[in-house]
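K.L.:
here is a sequence with its predicted model. Questions after.
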Protein chains: 2
Amino acid sequence: MTDLTPSQLRQRIRSGEHTGNTSGFCPGYVQTNMVILPKDWAADFLQFCQKNPKPCPVLGISEAGSWEIPELATDLDIRSDIPSYKIFENGVVTNEVNDITEFWRDDLVTFMLGCSFSFEEPLIQSGLEVRNVTENCNVPMYRTTIDCNTAGRFSGTMVVSMRPFLPADSIRAIQICTRFPSVHGAPVHLGDPSLIGIKDINSPEFGDPVTINENELPVFWACGVTPQVALEQAKPPFCITHSPGCMLVTDIKNSSLSIM
Amino acid sequence: MTDLTPSQLRQRIRSGEHTGNTSGFCPGYVQTNMVILPKDWAADFLQFCQKNPKPCPVLGISEAGSWEIPELATDLDIRSDIPSYKIFENGVVTNEVNDITEFWRDDLVTFMLGCSFSFEEPLIQSGLEVRNVTENCNVPMYRTTIDCNTAGRFSGTMVVSMRPFLPADSIRAIQICTRFPSVHGAPVHLGDPSLIGIKDINSPEFGDPVTINENELPVFWACGVTPQVALEQAKPPFCITHSPGCMLVTDIKNSSLSIM
């Protein structure tokens, strides 16, 4: 199953043969977070992303009403090529479905946002141990006191993901992730969690806790859950996102996102 | 005085008008550490530098017997253009002089090594506070338990310099210094000093202690004192170095050392 090309995997998802998460599929290819908003909310959201590029790195945007983003994936049908969708009304989840064709509207604009899978791959290829991968669980994610820049109706605080490293490895991880600004880029914090408002490192608000070994520093990255929290606060009348872990698998390679 | 070009400053040093340290002179221009060894020791030392590029970044090497390194400075006379020289015999300082013309030998090879002045400049230009600059003192330097790679008769442990930063600023400092591999490059450690064998952060073995404010992390760079320690251990029969702070001021710009 992991030998599928991104196009083959999207075909299986579209036909309903694959409905689960996309973790581990199509290694080497970029997977993205997705946010779909009515056009009259999209401009504010785009501005929010542009003012907060670390948590909200935009990799692609559709035309209003279009289900295509050809620069990310050929033959893409946004309405059916993601394994699972969450539908929000006024900030509340009202449905979770495998196809949104029946919910489609001519005014919907789709945002595809970079995801940490894309930088975990080069970290591992460099010989670093990514704890959530080793422990085969979700990365731990935390709400922080770091304010996002406000844009129109969108505001909020940053959500971060955490991966522990020995100090020299944390320096190497900063160097590697600096090469990938479109998938969260360099960390935003390391060391004392309380300095960014995290009370208990062993109790993440999202994902799973991971082991932090002696002498390791927790290293924190801006996280793609940040825009979801901003959406919950802004409460647009209608919004669709991917379900956690059920991403768009694109045709572009992680390596193509490296700026050097 | 700080308006002098590097060439004008070297002329003043050569004529004996300037005999003190070079800190603050010719801002923007690379200053270097210097090691002069007999040819039969130079090959081992070059190998030591190549195996330990972070503490010993070679910016220039002379031909045996030559006092010129034209790629670093026009009209250079190594024998007179450094304000103060230390002469070592069998690892012990036997003289400190302002001119080494009378000590010159046809078999001497000169190494010019990168220095942290070159990366402190872009750190400050990026808006970071470099504590030893703010407090107008020498950077604190410490012996560590980090082993250098052995080359021939040269071995030893690494000496590091320390600058404290808030966590987000330490990430920025790592990014900036990564661009300057020929002047010590990215830090080698940050956080807990004891992990690299430093017992008391307030008692540096070289230089001066600096204030570490609440919430700041000590960040450690490989230091150009490392080769001096290796020289003290190897005890070559004859060796000349610059006196601390009395560097070669070159014609090349710090900005030219940035790899991107």
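P.N.:
It's in.
K.L.:
only C-alpha atoms for contact and neighbour calcs from this point on.
P.N.:
Fine.
K.L.:
where along the stretch 51-200 of chain A do the helices fall?
P.N.:
Using DSSP state H, counting those that start in this stretch, the helices of the stretch 51-200 of chain A run over A:117-125, A:131-134, A:167-178.
K.L.:
need those in CSV (columns: mean neighbour count, distance to A:Asp192 and mean pLDDT).
P.N.:
As requested, those are exported to CSV (neighbours: other Cα atoms under 10 Å in any protein chain shown; distance: least, Cα to Cα, whole Å; pLDDT from 0 to 100):
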stretch, mean neighbour count, distance to A:Asp192, mean pLDDT
helix A:117-125, 19, 22, 95
helix A:131-134, 15, 18, 95
helix A:167-178, 21, 13, 97
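K.L.:
now distance to chain B too, for these, in TSV please.
P.N.:
Formatted as TSV, the helices of the stretch 51-200 of chain A follow (distance: least, Cα to the nearest Cα, whole Å):
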stretch	distance to chain B
helix A:117-125	16
helix A:131-134	20
helix A:167-178	5
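K.L.:
make TSV out of these and add distance to B:Pro83.
P.N.:
Shown next, in TSV, are the helices of the stretch 51-200 of chain A (distance: least, Cα to Cα, whole Å):
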stretch	distance to B:Pro83
helix A:117-125	46
helix A:131-134	52
helix A:167-178	37
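K.L.:
report how many residues lie close to the closest residue to A:Cys246 other than its chain neighbours.
P.N.:
Spatial nearest neighbour of A:Cys246, chain neighbours left out: A:Asn21 (4.3 Å); criterion: Cα to Cα, 6 or more residues apart in numbering or on different chains. Other residues lying near A:Asn21 total 15 when counted by other Cα atoms under 10 Å in any protein chain shown.
K.L.:
what sits up against stretch A:6-26?
P.N.:
A:1-5, A:29, A:73-74, A:80-84, A:98-99, A:244-247, A:249-251 (Cα atoms under 8 Å, 6 or more residues apart in numbering or on different chains).
K.L.:
how far out from the middle of the chain is it?
P.N.:
From the chain centre to the centre of stretch A:6-26 is a distance of 17 Å (Cα atoms, centre = their mean, to the nearest Å).
K.L.:
what does stretch A:76-86 give?
P.N.:
With Cα atoms, centre = their mean, you get 15 Å for stretch A:76-86.
K.L.:
over to it now: how far is its first residue from its last?
P.N.:
Counting by Cα to Cα, to the nearest Å, you get 19 Å between the two ends of stretch A:76-86.
K.L.:
and stretch A:179-186, by the same measure?
P.N.:
8 Å.
K.L.:
same check on stretch A:219-233?
P.N.:
When the termini of stretch A:219-233 are compared using Cα to Cα, they are 27 Å apart.
K.L.:
residues of it that come out buried?
P.N.:
Neighbour-count burial for stretch A:219-233, counted by 16 or more other Cα atoms under 10 Å in any protein chain shown, picks out A:219-232.
K.L.:
now intersect these with the strands, please.
P.N.:
Taking DSSP state E as the definition of strands, the buried residues of stretch A:219-233 contribute A:219-222.
K.L.:
got CSV for those residues, with distance to chain B and pLDDT too?
P.N.:
Output for these, formatted as CSV (distance: Cα to the nearest Cα, whole Å; pLDDT from 0 to 100):
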residue, distance to chain B, pLDDT
A:Val219, 10, 98
A:Phe220, 10, 98
A:Trp221, 11, 98
A:Ala222, 12, 97
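K.L.:
tabulate these in JSON lines, adding columns for distance to B:Ile198.
P.N.:
Formatted as JSON lines, these follow (distance: Cα to Cα, whole Å):
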{"residue": "A:Val219", "distance to B:Ile198": "23"}
{"residue": "A:Phe220", "distance to B:Ile198": "26"}
{"residue": "A:Trp221", "distance to B:Ile198": "29"}
{"residue": "A:Ala222", "distance to B:Ile198": "32"}
